[in-house]
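Novice: here's a sequence, model it:
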Amino acid sequence: MSFNSSSEDVSALRDEVARLTKIVSSQGARAYSDTREKAAEAYDAAAPYAKKAVAQVKAESRAVADVAREHPTGIAGVVVLATAIGIAVGYILGSSSEPEPRSWWR
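Specialist: Okay, here's the model as predicted:
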């Protein structure tokens, strides 16, 4: 009698596991579909702005290239100045982060 009862329990557990698997699978598919739809909507909303940004960057880079062709010494001066500022900032940051020197007796 206990054998029948335990086989019935196992069968009931299998049925319950199958039912839960179907529920989880359905919810997972629904969540995937919702996420995919939201991602597509976000892409569709962002695409025009990205295209405008790319066009603006291209226009600005053309303008910078034109100025560089017209005034090569001015651009060289700006590059030298930016390099000098970068070196100065790097030196200041590097010297302020040095560890305390060790004593000679340690």
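Novice: ok, and what's touching stretch 75-86?
Specialist: Applying C-beta atoms under 8 Å, 6 or more residues apart in numbering, the external contacts of stretch 75-86 come out as 67-68. The way it works is simple: take the backbone N, C-alpha and C, and place the C-beta from them, glycine included.
Novice: which elements pack onto the helix or strand harbouring Ile23?
Specialist: Taking DSSP states H and E as the criterion, Ile23 maps to helix 2-70. Under the contact criterion of 3 or more C-beta pairs under 8 Å, 6 or more residues apart in numbering; DSSP states H and E, helix 2-70 touches helix 72-96.
Novice: just the pLDDT for Ile87.
Specialist: Looking at Ile87, its pLDDT reads 95.
Novice: neighbours of it, how many?
Specialist: Applying other C-beta atoms under 10 Å, we find 10 residues neighbouring Ile87.
Novice: same question, Lys58
Specialist: Neighbour number of Lys58 under other C-beta under 10 Å is 10.
Novice: and Gln56, by the same measure?
Specialist: Count around Gln56 with other C-beta under 10 Å applied: 10.
Novice: switch to numbering from 670
Specialist: From this message on, residue numbering opens at 670, which makes the last subject Gln725.
Novice: tell me how far it lies from Tyr701.
Specialist: Shown here: Gln725 relative to Tyr701, a distance of 36 Å by C-beta to C-beta, to the nearest Å.
Novice: repeat that for Gly763.
Specialist: Applying C-beta to C-beta, the value for Gly763 to Tyr701 is 50 Å.
Novice: and Arg683, by the same measure?
Specialist: Separation of Arg683 from Tyr701 (C-beta to C-beta): 27 Å.
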